[in-house]
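>>> Give me coordinates for this.
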Amino acid sequence: MHERNYLVTAEVERLLAATKESRNAARDRCLLLLMFRHGLRVSEACGLQLSQVDVDNRVVHVQRLKQGLSTTQPLRPEEIRAIKAWLKART
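Reported below is the predicted structural model:
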């Protein structure tokens with residue numbers, strides 16, 4: 001059995017900061033933030049639909065691919081800001 005390695009806060013912050021240089025900065029920051037905060041796999045993040053994000057009620061509905069379980073998780077203020085910034089950037 002192997003030991004799991006997790007990113008520390010400083011590493012996550014560096015990854016989030018790196019999104020400022022990307023072509024779709026708001027989208028990339030939003031996706032990375034949701035992935036880190038909610039433990040989403042890449043495939044789960046890529047499959048996330050806007051209809052699964054409820055900004056008004058501050059929740060995200062996640063369909064887990066590996067176990068097939070659906071969960072509803074609260075969104076933190078920083079995540080809400082990132083989602084709103086991404087939505088604004090796409091228009």
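>>> What are the buried residues along stretch 62-73?
Using 16 or more other Cβ atoms under 10 Å as the test for burial, stretch 62-73 gives 62, 73. Where you see a C-beta, it was placed from the backbone N, CA and C, and this is true even at glycine.
>>> Show me the contact partners of that stretch.
With contacts defined as Cβ atoms under 8 Å, 6 or more residues apart in numbering, stretch 62-73 is touched by 38, 40, 41, 43, 44, 47, 48, 52, 59, 60, 61.
>>> Which pair in those residues has the greatest spatial separation?
Farthest-apart pair in these is 43 and 59; separation 21.0 Å (Cβ to Cβ).
>>> which of the contacts of stretch 62-73 lies closest to residue 23?
residue 48 (19.7 Å).
>>> Among the contacts of stretch 62-73, which ones are in helices?
Filtering the contacts of stretch 62-73 for membership in helices, criterion DSSP state H, returns 38, 43, 44, 47.
>>> The last one - how many residues pack around it?
Spelled out, it's residue 47. Neighbour count of residue 47, defined by other Cβ atoms under 10 Å: 13.
>>> Check the gap between it and residue 31 for me.
12 Å (Cβ to Cβ, to the nearest Å).
>>> Can you identify each of the helices in the chain by residue range?
Remark: helices assigned in the chain by DSSP H are 9-18, 25-38, 42-47, 77-90.
>>> Give me whichever of the ones you listed is most buried.
Mean neighbour count (mean count of other Cβ atoms under 10 Å) peaks for helix 25-38 among the helices of the chain, with a mean of 19.
>>> contacts for that helix?
With Cβ under 8 Å, 6+ apart as the test, helix 25-38 has contacts from 7, 12, 15-16, 19-20, 22, 40, 42, 45, 48, 60, 62, 73, 76, 78-79, 82-83, 85-86, 88-90.
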